[in-house]
Structure formats: structure tokens, C-alpha cells
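K.L.:
Whatever this is, show me its structure:
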Amino acid sequence: MSARPIHMLDVLRYAQGASRLDVELDGYLNYHFLTSPNGVEAPRLMLEAGINLAAPVVAPDGPRRPVINIRSSPWKAGHVTNPWHDEFDLDHGHVRYYGDHKPTTLGLPGATAGNRALLDAWTLHAATTAQRRLYAPPLLIYRSATVVKDGRRLVKGHVQFCGAAVIERLEHVVQRDPDTGRSFPNIVLDLAVLDLADAGDALDMRWIDDRRDVGLDAETATRHAPQSWLRWIKEGRSAIPRIRRRVVSSRVKSTADQLPVPGSAEAEVLERIYRFFDGRKHAFELLAARVAAQILGGSGARYHEGWLTRPGGDGGMDFVGRLDVGTPASNTPLVVLGQAKCVLPTSSISPDQVARVVARLRRGWIGVFVTTGTYSRQAQIEVIDDQYPLLLIDGKTLAEQVVRMAAADHDGDVDALLGPLATDYEAAVTYRRPDEILYG
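P.N.:
Numbering: from 1, shown residues only. Predicted structure coming up:
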């Protein structure tokens, strides 16, 4: 049997009576073709409800539920049929999904077939042995998709595939019906969406076919499973951070996102900063140090400004600071090494320039890179992929912080903020080792 992949974020045509033999329907991939083994042998996997259950099968090694299909309908959120809002953060592999208990449902949250199946699934997803996790049903997630056809917006009849997931957490909650004000119990699930990168960000539906095959035991039925699912079965909860879907590009900023909007007040401030320090770029290090202090100090930790390093031969280090994390009675100090680059706002910082700062960091140290320009895509990816403790402050962020600092201390006068920096620079330079800031 050939593979039938469903790619992440594919929009599928979902029509109740559609043929399972047609690959496409109305210009979209046919949901019933993709979810039917050999086209016809098994009952259809429907998406009529929020929680859709595949019938259990009795395999050679015992019964199992092949899959649970979850469907979220954002356009219904707030209505009496769906008075709660599911949350999707697919770039970071997280979905928060509310069960199907409604204000009119009698009994506890397990009274509905959907919630009862999720509670049963949770006992397997939370199992402490690989043997029990082997029988856990995967959750396939879909959400209703709005498409435009012949100038009309269609909110029904199409779904978007949002991945396969394991249940990371299940909680009992009390919700309130927005129409009647009545409270009612329900369950809410935090779902970890699996990383499918090794398969081209796609799920091979032969995995679900095998789980529905009464002739295959649970272990054989994993032969087409994603590698992330297999790792979860083997390692359990501890594997979730490593198998969770993560889209690096969601944290990579475009050039436009790193610069103020053209013609804006921040764009004019950034240009003024560059012109002011052009020709005396060492003095820009003092502004960079103060902007770093503003950002790190605003994080809730206590920041102590240190000093500027001597010009030339700094090896990727222009200023030193200290960040105390914790309470005054119980805290740990972190050395902060800063690099400052005053460049044309249209210029880009390369991976090599970022690597120079990273190379100076020791255990318990963090880095800050401040520029009037932007960071190349590759420079950002290397910081993210290698999990460097390095804060990148681009031209847009720099301008925004300078505007706030000027408003707070100089009645909005940016020139009054910048003016003293050129004369204060020499006094701020100190010939000391970075670790000395831990003791003073």
C-alpha cells in the first residue's frame, strides 16, 4: 500500500457523502480519501463532532482504540454549542483543547462519550511504562477552515490538518456559559503536537490504517508511526520537550520586522542615533549598555550596570553588566557581556559577528548584542538552534527603547538623552575582567 501523507496545515475538503476513491474534491484534497485504507474497507473516520472516536478494534494482543480525531471550530467559539475558545500555537507545538461537556449536559465531565474517551486515553498517555503507552490512541487535530470560492466565504465543508498529538496534561475546570451565566464542569487538555520534520512535516496515514487493522498487534502497528511518537512510547513524558513541534522560522524576524516602520517617529529616531554616533562609534557602546540595562532590568530581575571595555582588542565584548535572578535573600548573579555595533540601519549583522560574542561566554554568563541594523536570518537561526544565551536587540527595538528612555528622563527630547553620551564615554571605560562584576 502506498503512502498517503497529510502535510501540516493542508486544507482538506470534508463532505459527508464524498467518494473515498477521489483524491481531490472541488480543488482540495479529499479528507475521506486520505483517511480511508485502500479506499473502502473500514468505516469512515468522521469529523461531525468536536471529539470523534474511531471504533475500538480487538487485535491479537488485545483491544485498542485506533485514533481520536479532534475538530475545533473557531467560528463557533462563544456560541451556545461551543462557549469556550481552543488555543492553537502550532509553531511551538501546543494546543489547548476543551472537552465536549456543555451547560445543558447532566453529570460530571465524563458523562459525554467524547470526554469519557479522552479521560480513558489520558490514563494511557500518562502511563509510566512503554508497554502501556503502546496502546495509547494518537490524537489527530483538525480545525475548521474558511475558504473563498466565487467571491463567497465558506465557513463549512473544509478542515485544516493541525498534526498528531499526545496528551501532555488534563485538568478539570469550571466554565461559564456566556449566554446564561451558568457555570458547568468540563475538562481541558494541553496537547503536545508531534514534530514531523523527519517525514517532511507530514503524517503517513498508513499508521492509522495499521492501528485499525485487527490482524496487527500494537507494536507492528507502529511501523509507519512518526519517529517522534516512537520516541515518546519509549521515553514517556521526559521526551515531550524533544518531540514537540517547533518551527524555527516563527522566531526568526524578517528585515522589515527588525526596523521601524518607514516614516514613523521610531524610524526618525533610529536615523538620528546612527547620525549622532557615526564617526564616534565607540560612544555608541554606552547607549547600548543603557538600553541593555533597560530591557534586562524590565524583565523582573535586578540589573547592575558595570563598565565599558577598552577600545580595540575587546574580542567581541564592549560592555559588562550583572543580572541578579531571584530574591534579595536568595539569588544567583549572572555576568552580562555586551557587544555594540553602530551600522547603517540597512546593514545586517552576520553569523560570524554573533559568534564572536558567543565565544566569550562562560557558564553562568549571558550575552547581549545591540545594533542599529538588523540580524541576518542565518545569524538568528544559529542562536535559536544552538540555544545560545544571547539577546539580540535590533534597530527597531533600540529605537523603541530610546524613545521610552527619552520620555521618562528628558521629556521626550532624544537629543538631550544622546548628547551627554559622547562626553561620558571615557569615564565609563574600565580595565577590569568581566568576572570582577560578581564581587562588586
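
K.L.:
Work out for me the element residue 292 sits within.
P.N.:
According to DSSP states H and E, residue 292 maps onto helix 284-297.

K.L.:
Which helix or which strand is home to residue 392?
P.N.:
strand 390-393.

K.L.:
Also residue 69?
P.N.:
Going by DSSP H and E, residue 69 is in strand 68-72.

K.L.:
pLDDT of that strand, averaged?
P.N.:
Strand 68-72 carries an average pLDDT of 97.

K.L.:
same for the helix or strand following the strand holding residue 392, what does it pack against?
P.N.:
Counting by DSSP H and E, the next helix or strand C-terminal to strand 390-393 is helix 395-409. Using 3 or more Cβ pairs under 8 Å, 6 or more residues apart in numbering; DSSP states H and E, the elements in contact with helix 395-409 are helix 265-277, helix 284-297, strand 365-371, helix 414-428. Heads up, the C-betas are built off the backbone N, CA and C, glycines and all.

K.L.:
which one of the ones you listed lies closest to residue 89?
P.N.:
Ranking these by proximity to residue 89 (Cβ to Cβ) places helix 284-297 first, at 24.0 Å.

K.L.:
List the buried residues in the closest one.
P.N.:
Neighbour counts over helix 284-297 (16 or more other Cβ atoms under 10 Å) mark 284-293, 295-296 as buried.

K.L.:
angle of the helix holding residue 292 against helix 414-428?
P.N.:
100 degrees (axes from the mean of the first three to the mean of the last three Cα atoms, to 10 degrees).

K.L.:
what's helix 284-297 packed up against?
P.N.:
When contacts are defined as 3+ Cβ pairs under 8 Å, 6+ apart, helix 284-297 packs onto helix 265-277, strand 302-308, strand 319-326, strand 331-341, strand 365-371, strand 390-393, helix 395-409, helix 414-428.

K.L.:
Most tightly packed of those?
P.N.:
strand 365-371 (a mean of 23; mean count of other Cβ atoms under 10 Å).

K.L.:
Following the chain onward from that one, which element is next?
P.N.:
Next along the chain after strand 365-371, taking DSSP H and E as the criterion, comes strand 374-375.

K.L.:
quick one: the helix or strand just after that next one to chain centroid distance?
P.N.:
Downstream of strand 374-375, the next assigned helix or strand under DSSP H and E is helix 377-385. Between the centre of helix 377-385 and the centre of its chain there are 16 Å (Cα atoms, centre = their mean, to the nearest Å).

K.L.:
which outside residues touch helix 377-385?
P.N.:
By Cβ atoms under 8 Å, 6 or more residues apart in numbering, the residues outside helix 377-385 that reach it are 248, 251-253, 348-351, 353-355, 358, 388, 390, 392.

K.L.:
Please list the members of those that lie in strands.
P.N.:
Under the assignment DSSP state E, these contribute 348-349, 390, 392 to strands.

K.L.:
could the residues you listed go into TSV alongside distance to residue 100?
P.N.:
Formatted as TSV, the ones in strands among the contacts of helix 377-385 follow (distance: Cβ to Cβ, whole Å):
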residue	distance to residue 100
348	50
349	50
390	45
392	43
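
K.L.:
what's the closest of these to residue 241?
P.N.:
Using Cβ to Cβ, residue 390 is the member of these that lies nearest residue 241, at 20.4 Å.

K.L.:
how about the residue nearest to that closest one when sequence neighbours are not counted, what does it touch?
P.N.:
Closest residue in space to residue 390, ignoring its immediate chain neighbours: residue 367 at 4.1 Å, by Cβ to Cβ, 6 or more residues apart in numbering. Taking Cβ under 8 Å, 6+ apart as the criterion, residue 367 is in contact with 336-339, 357-358, 360-361, 388-391.

K.L.:
Please give me every residue in contact with the residue nearest to the spatial centre of the chain.
P.N.:
Centroid check for the chain by Cα atoms, centre = their mean gives residue 92 as the closest residue, at 2.5 Å. Counting by Cβ under 8 Å, 6+ apart, residue 92 touches 244-247, 250.

K.L.:
Next, it: phi, psi?
P.N.:
Residue 92 adopts backbone torsions of phi -110, psi 20, taken as degrees, to the nearest 10.

K.L.:
likewise the one 10 residues further on?
P.N.:
Dihedral angles of residue 102 (phi, psi; degrees, to the nearest 10) stand at phi -120, psi 170.

K.L.:
what about it, how many neighbours?
P.N.:
By other Cβ atoms under 10 Å, the residues close to residue 102 number 16.

K.L.:
Roughly how far does it sit from residue 143?
P.N.:
19 Å (Cβ to Cβ, to the nearest Å).

K.L.:
ok so, going back, ChimeraX command for the buried members of the contacts of helix 377-385?
P.N.:
Here is the ChimeraX selection string for the buried members of these, based on 16+ other Cβ under 10 Å:
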select :252,253,348,349,351,353,354,355,358,388,390,392
